[in-house]
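# Model the following, please.
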Amino acid sequence: MSPGQTPPERVTLARDFLAAAKRRRVADLPVAVLMREDAELRRILGEMLTLLADCEDDEQQRAATHVTADGGAYLVPGDVVVLGFALGEAIGQRGLRSGAYLSLARVLGIEVPR
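The predicted model follows:
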């Protein structure tokens, strides 16, 4: 990847390069220029495929409950409901320890059924 460039900037540069390449007549270009252009097109294609794979990885992570790199957690809505019921059950069973479960539910933003 090009250092210091954001994904949108890389996409814009790739589009600009391809637009310019489309305007040139291949038959009019020397072989050395065509070889450099071929190398650049391969490099850009590699960057775009890597960018696409990164986006797909992000989408897959958003679709599943997981712990984030900074130690936080991402919970999908279905897991929030299940965890809410589990915490509600734990609160009902534990009596004196229910304060810790209520605090955990509050921190996670989960409404606990009673």
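
# any idea how far the lengthiest helix in the chain is from the chain center?
When the chain is parsed with DSSP state H, its longest helix is helix 31-62. Computed by C-alpha atoms, centre = their mean, to the nearest Å, the chain-centroid distance of helix 31-62 equals 17 Å.

# Could I get the buried residue list for that helix?
For helix 31-62, burial by neighbour count (16 or more other C-beta atoms under 10 Å) applies to 37, 44, 47, 51. (Each C-beta comes from the backbone N, C-alpha and C, glycine too.)

# Surely the second one is in contact with T12?
It stands for I44. No: between I44 and T12 there is no contact under C-beta atoms under 8 Å: 11.6 Å.

# now the helices for the protein?
7-23, 31-62, 77-94, 98-108.

# what's the closest of those helices to G71?
For G71, the closest of the helices of the chain is helix 98-108, at 13.0 Å, according to C-beta to C-beta.

# Kindly calculate the angle that the closest one makes with helix 77-94.
Interaxial angle, helix 98-108 versus helix 77-94 (axes from the mean of the first three to the mean of the last three C-alpha atoms, to 10 degrees): 160 degrees.
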